[in-house]
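In: sequence unavailable; structure follows:
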């Protein structure tokens with residue numbers, strides 16, 4: 001668990017599952033999905049189906065939740081692009097629009113990057129976003145990330161093409177920046 005003021009990031013508990021389901025899978029078109037890879041289909045899932053897979057959520061190292069003043073606002077996680085070479089990608093979603101642009105994403109990813117570098121033998125961490133999500137690009141810049149790739153016009157959403165953006169950070173870059181450690 002990590003805390004900065006009113007923000008806590010921590011592993012998911014079983015009692016968090018109903019709220020997570022409501023935030024993520026109850027609605028067919030939640031507001032957050034307009035920013036989180038909206039070019040991929042989002043489907044509602046019945047609660048019974050979601051809770052049946054709770055072992056994929058509860059007390060997992062690869063997915064934690066974000067909480068502000070006791071209210072669940074989002075999740076942060078990682079997945080292996082290629083585990084044999086320690087190529088890990090991370091992601092974050094703030095489901096509650098009232099918490100967007102409040103610095104919670106930057107604080108969370110600062111904790112998460114530090115956590116990943118401290119607990120795994122990683123050389124690099126990064127994430128993929130799209131050019132329509134300028135807030136996510138700015139978060140990476142605030143954390144000292146480099147735009148490692150820009151694949152032009154390969155994401156189609158609402159009748160328009162967007163670029164796919166890869167942001168990344170090397171361990172030595174993170175450790176050299178004493179602000180974050």
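Out: Yep, that arrived. From a predicted model like this one, the values you see are computed outputs, not experimental measurements.
In: all contacts plus neighbour counts: C-alpha atoms, from now on.
Out: Fine.
In: can you map out the helices along this protein?
Out: Using DSSP state H, the helices found in the chain span residues 17-24, 47-51, 104-119, 134-142, 171-176.
In: of all the ones you listed, which lies closest to residue 66?
Out: helix 104-119 (7.5 Å; C-alpha to C-alpha).
In: check the nearest residue to residue 27 once chain neighbours are set aside and give its pLDDT.
Out: Spatially, and ignoring its direct neighbours in sequence, residue 27 is nearest to residue 44 (6.0 Å; C-alpha to C-alpha, 6 or more residues apart in numbering). pLDDT, residue 44: 96.
In: do I have it right that residue 44 meets residue 23?
Out: No: checked against C-alpha atoms under 8 Å, the pair residue 44 and residue 23 is beyond contact range at 10.6 Å.
In: ok, these two, which is more surrounded?
Out: Taking neighbours as other C-alpha atoms under 10 Å, residue 44 and residue 23 compare with residue 23 leading, 19 against 15.
In: list the contacts for the more buried one?
Out: 95, 96 (C-alpha atoms under 8 Å, 6 or more residues apart in numbering).
In: what's the spacing between it and residue 165?
Out: 26 Å (C-alpha to C-alpha, to the nearest Å).
In: picking that back up, so which of the helices of the chain is nearest residue 9?
Out: Nearest to residue 9, of all these, is helix 104-119, at 6.9 Å by C-alpha to C-alpha.
In: what packs against the closest one?
Out: strand 71-82, strand 87-94, helix 134-142 (3 or more C-alpha pairs under 8 Å, 6 or more residues apart in numbering; DSSP states H and E).
In: residue contacts, the residue nearest to the spatial centre of the chain?
Out: For the chain, residue 92 is the residue whose C-alpha lies nearest the centre (C-alpha atoms, centre = their mean; 1.2 Å). Contacts of residue 92 were listed using C-alpha under 8 Å, 6+ apart, and they are 74, 75, 76, 77, 105, 109.
In: 10 Å instead?
Out: 36, 63-66, 74-78, 105-106, 108-109, 112, 127, 136 (C-alpha atoms under 10 Å, 6 or more residues apart in numbering).
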